[in-house]
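Student: here is the input, now give the coordinates:
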Amino acid sequence: MDSTAGTVGGGDAASRPSPARGPTMKAVVRDRYGSAEVLDLRDVERPQVGDDDVLLRVRAAGLDRGAWHIMAGRPYLMRIAGYGLRRPKAAGLGSEVAGVVEAVGAAVTGFRAGESVFGTCRASFAEYALARPDRLARMPENLTLEQAAAVPVSAVTALQALRDRGRVEAGQRVLVIGASGGVGTFAVQIAKAFGAQVTGVCSTPKVDLVRSIGADHVIDYSHADITDDDQRYDVVLDIGGNRPLSQLRRVLTRHGTLVIVGGEGGGRWTGGIDRQLRAMALSPFVRQRLGTFIANESSADLDVLRALIETGAVTPVIDRVVALQQVPDAIRDLAAGRVRGKIVVAP
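Tutor: Model (predicted):
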């Protein structure tokens, strides 16, 4: 879909030539914060590749929880952190991507046009997107582009939570709260790959899914609580939960580790961040390790995940694949908890 420049007219304002415009593309954009109603599918100018950029033709884009937060501008601390106080600084949305390299900047090495890659980028809910080369990696050989797009943010978050923060070892007991979601489905499989005994927590309709991806035990929170059986865990991974810190500590072993990944409780200003802050403040004064982290996407960890995927230890769980115009409905389902694993967008 290439747009041509306007024709040259006369000297009056009405006939003055319009500025030259480059090639265009379809993209999901928004001009303000809010619910899914603020999203619009428009023709916008295709991004121009800079010296340090990789231009991708997007074949698939993963929908992660961060997209909802960026769309809504909540918690408000995000706006203060640089996303834009009154209006979003960037119109586009989406960060997980799988696609084909269209062009590379003059300073980029390691990638060439025509290669299939996956990773993170800027505004992936579009036909083209720009990415940094240090956040891309070669596609896993046994995945489709739609499957690969579900990996970069969610699987890297699960990997870093278990390996770097939880320090999971073979034989340990791991509890994954939110085991049926994007991060959770990867966390269950990665913990199993590390040799842990895994218990997943989810709702009734998702019990079979969590069991099918390798969980040794499943707790249906609709009918039971994590504290009911007096089980203790070496690592508790709480993904987007809202359980009190005291309850999470009760199911940890004496020297166990709690890793809080996100949070959907709290008010508009802090969201669930206050719980993470309390955990970090308490941690130095107790034997248990309590904390949180911010995932850092990198080519190195994408390579680690590719190895796990190609051996069959990890497989993305795809709820469904949708078109660009269906992104608002997909985000509504994600926010309402109606998604198993990941939704993928295919431009």
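Student: quick one: the helices in the stretch 51-200 of the chain, in order.
Tutor: Assigned by DSSP state H, counting those that start in this stretch, the stretch 51-200 of the chain shows helices spanning 65-72, 77-78, 145-149, 152-159, 182-193.
Student: can you tell me which of those helices comes nearest to F293?
Tutor: Nearest of those to F293, taken as Cβ to Cβ: helix 152-159 at 8.9 Å. All C-beta spots, glycine's among them, are computed from the backbone N, C-alpha and C.
Student: give the buried residues for stretch 234-252.
Tutor: Neighbour-count burial for stretch 234-252 flags 234-241, 243, 245, 248-249, 251-252 (criterion: 16 or more other Cβ atoms under 10 Å).
Student: closest one to A281 out of these, please.
Tutor: Minimum distance to A281 across the buried residues of stretch 234-252 is 10.2 Å, recorded for L245 (Cβ to Cβ).
Student: how about that closest one, phi and psi?
Tutor: As for L245, its main-chain torsions (degrees, to the nearest 10) stand at phi -60, psi -40.
Student: what sits against it?
Tutor: Shown in contact with L245 (Cβ atoms under 8 Å, 6 or more residues apart in numbering): 275, 278-279, 282, 290.
Student: again, but for A313
Tutor: A313 neighbours (Cβ under 8 Å, 6+ apart): 189-190, 192-193.
Student: neighbour-wise, which one of those residues leads?
Tutor: For those, counting by other Cβ atoms under 10 Å, the largest number of neighbours falls to I190: 26 neighbours.
Student: any idea how far P328 is from that one?
Tutor: In this view, I190 and P328 are 31 Å apart by Cβ to Cβ, to the nearest Å.
Student: so what's G312 closest to, chain neighbours aside?
Tutor: Excluding its sequence neighbours, the residue lying closest to G312 (Cβ to Cβ, 6 or more residues apart in numbering) is N142, at 7.8 Å.
Student: cool, and V322?
Tutor: A330 (5.1 Å).
Student: which helix or strand contains that neighbour?
Tutor: Per DSSP states H and E: A330 is located in helix 327-335.
Student: L258 now?
Tutor: Element membership for L258 (DSSP H and E) is strand 252-261.
Student: what's stretch 208-228 in contact with?
Tutor: Defining contact as Cβ under 8 Å, 6+ apart, one finds that stretch 208-228 is touched by 175-177, 179-180, 184-185, 188-189, 192, 197-204, 207, 243, 247, 250-251, 315, 317, 340-341.
Student: now the residues you listed: which count as buried?
Tutor: Using 16+ other Cβ under 10 Å as the burial test, the contacts of stretch 208-228 include 175-177, 179-180, 184-185, 188-189, 192, 197-202, 207, 243, 251, 315, 317, 340-341 as buried.
Student: picking up where we left off before, inside strands: which ones of the contacts of L245?
Tutor: Counting by DSSP state E, the contacts of L245 place L290 in strands.
Student: can you pick the most crowded of the contacts of L245?
Tutor: Taking other Cβ under 10 Å as the neighbour criterion, L290 ranks highest of those with 24 neighbours.
Student: list the contacts for it?
Tutor: Contacts of L290 (Cβ under 8 Å, 6+ apart): 245, 249, 257-258, 279-280, 282-283.
Student: next one: D52
Tutor: 105, 107-108, 132-133.
Student: A161 now?
Tutor: 183, 187, 237, 259, 261, 293, 295.
Student: what's the local residue count around R74?
Tutor: 19.
Student: what kind of secondary structure is the nearest residue to it once chain neighbours are set aside in?
Tutor: With Cβ to Cβ, 6+ apart as the criterion, R74 has its nearest non-adjacent residue at 5.8 Å, and that residue is R268. Secondary structure, DSSP: H, G, I helix; E, B strand; the rest coil: R268 is coil.
Student: which residues touch Y33?
Tutor: For Y33, the contact set (Cβ under 8 Å, 6+ apart) comprises 71-74, 79, 87-88.
Student: tell me which element it falls in.
Tutor: Here Y33 is assigned to no helix or strand, by DSSP H and E.
Student: K206 contacts G184, correct?
Tutor: No: here K206 does not reach G184: they are 9.5 Å apart, not a contact under Cβ atoms under 8 Å.
Student: any regions of the chain where pLDDT drops low?
Tutor: 1-21, 263-267, 269-272 (pLDDT under 70).
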